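Trainee: could you work out the structure for the sequence below:
(chains A and B)
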There are 2 protein chains.
Amino acid sequence: MSTPVTGHTSILPLLAYPASHIRTPSFMNPALAARGIDALVVPWQVAPPALGEVVQAMRRSESVAGLIATVPHKTALPALCDTLTTDAEALGAVNVVRRGADGALHGGTLDGEGFVSGLVQEGHALDGRSVLLLGAGGAGAAIALALCRHPIKRLIIANRSIEKAQDLARLVTGLTGTPAEAGPADPAAADVVVNATVLGMRPDDPLPVTTTSFRPGQLVAEAVMQPAHTRLLETAQAQGAATHAGEHMIRAQIDRLIDFLFEAS
Amino acid sequence: MSTPVTGHTSILPLLAYPASHIRTPSFMNPALAARGIDALVVPWQVAPPALGEVVQAMRRSESVAGLIATVPHKTALPALCDTLTTDAEALGAVNVVRRGADGALHGGTLDGEGFVSGLVQEGHALDGRSVLLLGAGGAGAAIALALCRHPIKRLIIANRSIEKAQDLARLVTGLTGTPAEAGPADPAAADVVVNATVLGMRPDDPLPVTTTSFRPGQLVAEAVMQPAHTRLLETAQAQGAATHAGEHMIRAQIDRLIDFLFEAS
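Mentor: Numbering: from 1, shown residues only, chains lettered A, B, ... in the order given. Below is the predicted model:
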C-alpha cells in the first residue's frame, strides 16, 4: 500500500475534525508510492480552537512536507498561511498547504477542480446545464468557482445563510462571467444537484434539500465521501436520477495534490 | 510492513534532530501491526529551540497517541510532561510519552532497560563485571541506572563534563547501592565498555575513548544505532573484543514501548 516509514519519510498531516471518516490516505498513499515519493498522509484530528497552534507548530516540524485539510478547517487556513494561490485567496479556502524548507506555508485549493474533473471523468455532462449547489462553505465555494469556469448554463447556490450564498454568487460571476444567484435548496429547477454541505456524514442528518422530487435525466452528486452512498444519493437513485459519489472528488485530485506539494512551481 | 493508514490510525511522532538516521519506525511499525494496534511511528524532525512549541501542539493533536524521543530531545522532555515515571524523574530523561485523551502527557524512559535486556538477550554476561560507560546524557543516565540494577561489580562513568559524571554516579549508587564513580574514558580497566555518547553517528567523529587498546574477553557495546557498525565497534572487533550493536537497545525495548503507550497501567 505504501513505502515503509524511515527517517527520510516526509509526513503530510491531514487536518480534520473528526478524522475518523477521512479516506484520502487510502487513495493518496498508494499514489505517492507509485510516483516514487517517500511521503505519507496521516490523520491529524484537531478541534477548531486548536488549529492555529497546531499549524504554527507544523512550520517548525521539519519532517512535514505539507498539510491537507478537510472539514471544518478549510476556511480557517488561509489566515494561517504566508502566501496563497489566486483561487485560495479569492475563495477564502485552503485544502492543501505546501511547507517550504524554512517553514513558510503556501496554501491552495484543489477541491473545485477535483470535483469537476471527477464528474467529467465519470462521463457526466455539465455543458449548458443548470446546476444547484447546496452549501457555500469551503468546499462549496471551491466547487462553485470550478463549475462556473465550465460552460454551464447557470448556478443556483442554496445555503442556510442566504447572504453567504449571495456573496459567493457575486464572487464567481465576477471571476468567470457565468450567471450565478442565491436560491432555495429545491432540486426541481436544476439539471444537476451538488451537495457541498456536510449533511449526510451522520446517519441522522436531515437531507440537504427542501423537497425530494428527483427525476430521470437529473444528476445528483455528492462532495460527502463517507458514507460512500449518502441518503441523498439513495433517495435520488430510487427516483431514477443518476448519482455521483463523493470519493470521485478526492480520487480526481490526488495527482493535483501531489503536484502541488512536491512539484513547486 | 504496517497496516494501511486510515482516519482511525493513531500517530506516534518520533522527535529527533536530525531524524534521517532513526531506525525505530522499521522495528516498531511491524511490531505494532503484529499486535493488532492501528498506530504508526513517523519521523518528526524538530530543532531543539522549537521542541516546546511542537510538544505543546501535540497535546491538542487528537490523532497522536504518544511520542517517542531520541537525540537531542531526551533531557528537555521531562519539563514538558505533566507526569513522569519514577525513573524518568530520577534521571531527568524521557524517551517515550503517553498522550491521554485530554492531552495530558506522561513521560517515561525505557532506554536503560532496553539496553540491558538487549545485552542479556544476546548472551552477554554482566554479573560481577566492571563496566565503563561513555556519556552521561539522556541515554547514558538511563543505561547507568539499568546497569546498576544488575549485579555488576562497579560502574565507571566518563563524560566531557566530569561534574555531570560525578552527579550521575552519586545518583545511581544512591538508587541501587552499586558502586559507581566518574573516571577517564580508558577501556583498559573495564570488562565491558558501553558507548552512550553520540560519537560514531558521523563518519568524521572522533572515537569516544582516550586509548584504543581493546582485548579478547572484553565486550564493547554501542547505543549509537546508525551506522550499525561504528568505528568504535570495528576497532574493538579488530583487536579481538566482542561487540554488541546499538540496534539491540531499540529492538529489545520495542515491546516495552508499545506496552507503555497502549497498556496504560
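Trainee: could you pull out the strands in the stretch 101-250 of chain A for me?
Mentor: Counting by DSSP state E, counting those that start in this stretch, one finds strands in the stretch 101-250 of chain A at the ranges A:105-108, A:130-134, A:154-158, A:180-182, A:192-195, A:219-222, A:242-244.
Trainee: hey, which of those strands is tucked in deepest?
Mentor: With neighbours taken as mean count of other CB atoms under 10 Å in any protein chain shown, the strands of the stretch 101-250 of chain A reach their highest mean count in strand A:192-195, at a mean of 28. In this view, the C-beta of every residue, glycine as well, is placed from N, C-alpha and C.
Trainee: just checking, what packs against that strand?
Mentor: On a contact count with 3 or more CB pairs under 8 Å, 6 or more residues apart in numbering or on different chains; DSSP states H and E, strand A:192-195 meets strand A:130-134, strand A:219-222.
Trainee: need those strands in JSON lines with distance to chain B and mean pLDDT, can you?
Mentor: Shown next, in JSON lines, are those (distance: least, CB to the nearest CB, whole Å; pLDDT from 0 to 100):
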{"stretch": "strand A:130-134", "distance to chain B": "24", "mean pLDDT": "98"}
{"stretch": "strand A:219-222", "distance to chain B": "18", "mean pLDDT": "97"}
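Trainee: for residue A:4, which of these is the nearest?
Mentor: Closest of the helices and strands packed on strand A:192-195 to residue A:4 is strand A:219-222, at 34.3 Å (criterion: CB to CB).
Trainee: so what strands line up beside the closest one?
Mentor: Sheet pairing here is set by DSSP bridges, and for strand A:219-222 it gives strand A:192-195 (parallel), strand A:242-244 (parallel).
Trainee: just the mean pLDDT for the shortest one, thanks.
Mentor: For strand A:242-244, mean pLDDT rounds to 97.
Trainee: OK, contacts around residue A:114?
Mentor: A:249, A:250, A:252, A:253, A:256 (CB atoms under 8 Å, 6 or more residues apart in numbering or on different chains).
Trainee: what do you get for residue A:87?
Mentor: A:108, A:109, A:112, A:142, A:145.
Trainee: just the ones in helices from the residues you listed, please.
Mentor: Members of the contacts of residue A:87 lying in helices (criterion: DSSP state H): A:112, A:142, A:145.
Trainee: by neighbours, which of those wins?
Mentor: Counting neighbours by other CB atoms under 10 Å in any protein chain shown, residue A:142 leads those with 29 neighbours.
Trainee: ok, back up a step: which of the contacts of residue A:114 count as buried?
Mentor: Buried members of those, scored by 16 or more other CB atoms under 10 Å in any protein chain shown, are A:249, A:250, A:252, A:253.
Trainee: ok, the third one - contacts?
Mentor: Put plainly, it is residue A:252. Contact analysis of residue A:252 by CB under 8 Å, 6+ apart lists A:114, A:115, A:117, A:118, A:121.
Trainee: hang on, the earlier thing: ok, the contacts of residue A:114 vs chain B, which is closest?
Mentor: Closest approach between those and chain B, by CB to the nearest CB: residue A:250, at 12.7 Å.
Trainee: surely that closest one and residue A:25 touch.
Mentor: No. Using CB atoms under 8 Å as the test, residue A:250 is too far from residue A:25 to be in contact (10.4 Å).
Trainee: just to revisit the earlier point, nearest to residue A:68, of the strands of the stretch 101-250 of chain A?
Mentor: Short answer: strand A:105-108, nearest of these by CB to CB, at 10.7 Å.
Trainee: tell me how far that closest one lies from the chain's centre.
Mentor: When C-alpha coordinates are averaged (CA atoms, centre = their mean, to the nearest Å), strand A:105-108 and its chain have centres 15 Å apart.
Trainee: from the contact counts, what lies against that strand?
Mentor: Counting contacts by 3+ CB pairs under 8 Å, 6+ apart, strand A:105-108 packs against helix A:51-59, strand A:83-84, helix A:86-91, strand A:96-99.
Trainee: most packed of the ones you listed?
Mentor: Most buried of the helices and strands packed on strand A:105-108 by mean neighbour count (mean count of other CB under 10 Å) is strand A:96-99; its value is a mean of 24.
Trainee: what average pLDDT does that one get?
Mentor: Rounded mean pLDDT across strand A:96-99 is 98.
Trainee: over to stretch A:3-18?
Mentor: pLDDT averaged over stretch A:3-18 gives 95.
Trainee: next one: residue A:200 from residue A:116, what distance?
Mentor: For residue A:200, the distance to residue A:116 equals 20 Å [CB to CB, to the nearest Å].
Trainee: picking that back up, possible to save the strands of the stretch 101-250 of chain A as CSV with distance to residue B:181?
Mentor: CSV is the format used below for the strands of the stretch 101-250 of chain A (distance: least, CB to CB, whole Å):
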stretch, distance to residue B:181
strand A:105-108, 52
strand A:130-134, 75
strand A:154-158, 78
strand A:180-182, 81
strand A:192-195, 73
strand A:219-222, 71
strand A:242-244, 75
